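Enquirer: Test case, fold it:
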Amino acid sequence: MVYILHFDKKFHHAQHYVGCTEDLQRRLKEHLNCRQCGSKIVRAAIKKGIKIELAKVYPEGDRVLEKKIKSMKKTSLICPICQRGIN
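Expert: Numbers count the residues shown, from 1 in each chain. Okay, here's the model as predicted:
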């Protein structure tokens with residue numbers, strides 16, 4: 001499954017993290033609670049006090065979809081949290 005994490009403030013250039021996992025609950029715990037696991041950008045954002053929220057999940061998503069979303073460079077266009085701010 002593919003998931004999008006939304007940062008409540010931009011961290012450098014990023015406001016989203018896109019990942020792929022088979023166990024979303026485990027992966028979210030790693031991102032939010034583990035100093036050695038999870039992604040570096042999510043850990044750094046949390047350290048700066050940025051709040052992280054699960055924005056979207058694609059249950060049937062795979063690495064191909066993850067790569068496609070990452071290559072978009074405009075994750076805000078498909079992030080429901082960002083879209084709420086626009087409407």
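Enquirer: C-alpha only now, for contacts and for neighbours.
Expert: Fine.
Enquirer: how about stretch 32-48: buried residues?
Expert: L32, G38, S39, V42, R43, A45, I46 (16 or more other CA atoms under 10 Å).
Enquirer: what's the answer for stretch 2-21, then?
Expert: By 16+ other CA under 10 Å, the buried positions in stretch 2-21 come out as 2-8, 11, 15-21.
Enquirer: Kindly report the same for stretch 54-69.
Expert: For stretch 54-69, by 16+ other CA under 10 Å, it's A55, K56, V57, G61, D62, L65, E66, I69.
Enquirer: Which residues does the lowest-mean-pLDDT helix or strand in the chain contact?
Expert: Within the chain, confidence by mean pLDDT, DSSP states H and E is lowest for helix 80-86 among all helices and strands, at a mean of 83. For helix 80-86, the surrounding residues in contact (CA atoms under 8 Å, 6 or more residues apart in numbering) are H6, A55, K56, S76, L77.
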